[in-house]
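Student: Quick one, structure for this:
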Amino acid sequence: MHTPLPLSARMAEIQPFHVMALLARARDLERKGRHIIHMEIGEPDFPTPEPIIQAGHEALSAGHTHYTPATGLPALREAIAGFYRQRYGVEVAPERIVVTPGASGALLLVLAALVDPGNQVLMSDPGYPCNRHFVRLFEGRAKSIPVTAETDYQVTPDLLRAHWSGRAVAALVASPSNPTGTVIYQPQMAAMADFVESKGGRLIVDEIYHGLVYEEGNAVTTALSISDQLFVINSFSKYFGMTGWRLGWTVAPEAYVPELDKLAQNLFLAPSTPAQYAALAAFDDATLTIVEERRREFQARRDYLVPALLELGFEVPAMPQGAFYVYARSRKLAQDSFVFAQRLLEEASVAVTPGIDFGAHGARDHLRFAYTTDLDSLREGVSRLRAFLS
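Tutor: As a prediction, this is how the structure comes out:
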């Protein structure tokens with residue numbers, strides 16, 4: 001007789017990524033000799049830029065392996081502030097920047113500071129799944145707002161007004177968004193910030209994919225240009241290609257920084273020291289030249305993939321303006337996108353992400369295609385999809 005595994009009640013509500021089971025199956029097929037086209041995982045295929053790698057080597061050689069302050073290396077906080085000044089023309093005090101182990105670490109700090117048991121955090125459905133699980137971790141409740149292509153799959157000021165309640169303490173939005181790649185432009189963002197602040201709450205803005213915007217280059221500005229009373233989350237993973245280095249940051253209202261410092265001391269102690277020294281090179285001209293070339297390559301991939309999917313019978317109701325995802329409606333081709341994703345892997349050797357990983361609203365009607373592989377592989381993937389569908 002087996003003794004029941006002692007688990008907290010929250011574990012029943014924190015779900016794994018369904019795509020990870022698909023990825024595990026894809027890896028198993030590859031071990032057996034099958035060639036799989038990977039369009040499921042949101043990780044750039046490019047290596048970390050060489051100036052960053054070199055800076056990491058130099059940091060290790062110089063013995064920079066001890067703890068930094070919990071809020072991050074002062075020089076890196078200053079460098080991030082300088083990036084906001086140079087890229088967006090926005091002055092951000094370095095003291096408001098808290099460097100964290102990945103953007104996930106930043107969001108954990110912010111939610112820990114804001115959420116009490118039973119509090120609500122409003123967010124879009126579809127949206128990045130970890131966000132709702134993080135809220136649950138602190139005994140709060142993620143209040144999902146169903147969004148459609150009519151609003152570019154983004155929360156709007158009117159939707160916030162309609163869903164705000166007395167238990168709400170924050171709203172979390174993402175621009176560009178995962179899984180849709182759509183953005184929130186400044187007038188909408190400003191209206192949402194004004195509304196949330198008027199309710200005594202805080203707006204949290206996920207800008208992890210900033211830099212990877214295509215329609216107007218990098219014209220989409222940071223939410224920090226609107227207010228100093230909101231939280232911005234960002235990362236070195238996507239634009240700067242440092243996924244495995246696990247380094248991110250948040251820019252917080254000044255009054256919250258001592259509280260975030262206290263939390264970071266207890267939860268993380270400090271971000272990775274070699275990663276922080278390496279990240280100092282992320283803002284060098286040589287690195288920015290490399291990542292801008294990669295941004296243009298991502299745009300070329302998007303500009304190929306969206307028309308190709310439309311030709312195959314998928315629908316793309318909202319053109320992705322950023323990130324590296326296409327959120328495609330598949331209901332004309334299949335009744336259940338999860339089953340469809342399984343069949344595409346097994347029968348066409350193409351791995352994609354089912355919509356159920358991103359929420360409940362319309363989830364069975366959508367797939368997410370990640371263009372994080374080269375154009376030749378994308379063309380081969382589309383060819384396989386065409387053969388499967390015909």
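
Student: which other helices and strands contact the biggest helix by length in the chain?
Tutor: Counting by DSSP state H, the longest helix found in the chain is helix 285-312. The contact analysis (3 or more CB pairs under 8 Å, 6 or more residues apart in numbering; DSSP states H and E) places helix 285-312 against helix 50-61, strand 325-329, helix 375-389. Using the backbone N, CA and C atoms, a C-beta is placed for each residue, glycine as well.

Student: what does stretch 268-282 contact?
Tutor: For stretch 268-282, the surrounding residues in contact (CB atoms under 8 Å, 6 or more residues apart in numbering) are 49, 51-56, 58-60, 64-70, 72-73, 75-76, 79, 99-101, 105, 236, 240, 242, 245-247, 264, 287.

Student: rerun at 7 Å
Tutor: 51-52, 55-56, 59-60, 64-70, 72-73, 75-76, 79, 99-101, 105, 236, 240, 242, 245-247, 287 (CB atoms under 7 Å, 6 or more residues apart in numbering).

Student: Flag every buried residue along stretch 84-99.
Tutor: For stretch 84-99, burial by neighbour count (16 or more other CB atoms under 10 Å) applies to 84, 88, 90, 92, 94, 96, 97, 98, 99.

Student: Ok, stretch 199-215 next?
Tutor: For stretch 199-215, by 16+ other CB under 10 Å, it's 199, 201-214.

Student: Among the residues you listed, which ones are in strands?
Tutor: 202, 203, 204, 205, 206 (DSSP state E).

Student: Out of those residues, which is nearest to residue 130?
Tutor: Of all these, residue 206 has the smallest distance to residue 130: 10.6 Å, by CB to CB.

Student: which residues sit in contact with the closest one?
Tutor: Counted by CB under 7 Å, 6+ apart, residue 206 has contacts 172, 173, 174, 233.

Student: mind redoing it with 8 Å?
Tutor: 103, 107, 128, 131, 172, 173, 174, 175, 233 are the contacts of residue 206 under CB under 8 Å, 6+ apart.

Student: ok, of the residues you listed, which one's closest to residue 340?
Tutor: Among the contacts of residue 206, and counting by CB to CB, the member closest to residue 340 is residue 128, at 21.5 Å.

Student: low-confidence ranges in this protein?
Tutor: Applying pLDDT under 70 to the chain flags the ranges 1-2, 216-219.

Student: could you redo the last one with a cut-off of 50?
Tutor: 217-218 (pLDDT under 50).

Student: now the strands for it?
Tutor: Taking DSSP E, the strands of the chain run over residues 37-38, 97-100, 120-125, 141-146, 168-174, 202-206, 231-235, 248-251, 325-329, 350-351, 353-354, 366-370.

Student: next one: the second one to chain centre, how far?
Tutor: What it means is strand 97-100. Chain-centre distance of strand 97-100: 17 Å, with CA atoms, centre = their mean, to the nearest Å.

Student: Pull up the pairing partners for that strand, direction included.
Tutor: Next to strand 97-100 in the sheet, as set by DSSP bridges, lie strand 248-251 (antiparallel).

Student: Can you pull out the residues in contact with the strand it pairs with?
Tutor: Applying CB under 8 Å, 6+ apart, the external contacts of strand 248-251 come out as 72, 80, 84, 92, 96-107, 109-110, 208, 224, 231-237, 260.

Student: for stretch 338-355, same thing?
Tutor: 18-19, 22-23, 25-26, 29, 34-41, 126, 179, 327, 330, 333-334, 337, 356, 362-370, 381, 384-385, 387-388.

Student: 6 Å instead, please
Tutor: Counting by CB atoms under 6 Å, 6 or more residues apart in numbering, stretch 338-355 makes contact with 18-19, 22, 26, 34, 36-40, 330, 334, 337, 356, 363, 366-369, 381, 384-385, 388, all of which sit outside it.

Student: thinking again about what came up before, any chance of the helices and strands packed on helix 285-312 in CSV with mean neighbour count and distance to residue 164 as columns?
Tutor: Below are those laid out as CSV (neighbours: other CB atoms under 10 Å; distance: least, CB to CB, whole Å):
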stretch, mean neighbour count, distance to residue 164
helix 50-61, 17, 41
strand 325-329, 25, 26
helix 375-389, 16, 41
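
Student: With residue 11 as the reference, name the closest of the ones you listed.
Tutor: When these are compared by CB to CB, strand 325-329 sits nearest residue 11, at 28.5 Å.

Student: Just the CA atoms of that closest one, as CSV, please.
Tutor: Coordinates of each C-alpha in strand 325-329 appear next as CSV, following Å, rounded to 0.1, in the frame of the first residue of the first chain:
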residue,chain,number,x,y,z
TYR,A,325,5.5,33.7,-32.8
VAL,A,326,2.5,33.3,-35.0
TYR,A,327,-0.8,32.5,-33.2
ALA,A,328,-2.8,30.7,-35.9
ARG,A,329,-6.4,29.6,-35.9
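
Student: now for it, which elements pack on it?
Tutor: Under the contact definition 3 or more CB pairs under 6 Å, 6 or more residues apart in numbering; DSSP states H and E, strand 325-329 sits against helix 285-312, strand 366-370.

Student: so how far is that strand off the chain centroid?
Tutor: On CA atoms, centre = their mean, the centre of strand 325-329 falls 15 Å from that of its chain.

Student: before we move on, what about stretch 172-189?
Tutor: Put simply, stretch 172-189 sits 11 Å off its chain's centre (CA atoms, centre = their mean).

Student: Just the buried positions in that stretch, please.
Tutor: Neighbour-count burial for stretch 172-189 [16+ other CB under 10 Å]: 172-184, 188-189.

Student: Now intersect these with the helices, please.
Tutor: If you go by DSSP H, the buried residues of stretch 172-189 have 188, 189 in helices.

Student: before we move on, back to that, turn the ones in strands among the buried residues of stretch 199-215 into JSON lines, columns for distance to residue 311.
Tutor: Formatted as JSON lines, these follow (distance: CB to CB, whole Å):
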{"residue": "202", "distance to residue 311": "44"}
{"residue": "203", "distance to residue 311": "39"}
{"residue": "204", "distance to residue 311": "38"}
{"residue": "205", "distance to residue 311": "35"}
{"residue": "206", "distance to residue 311": "32"}
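
Student: Now the two most distant members of the residues you listed.
Tutor: Farthest pair in those (CB to CB) is 202 and 206. Separation: 13.4 Å.
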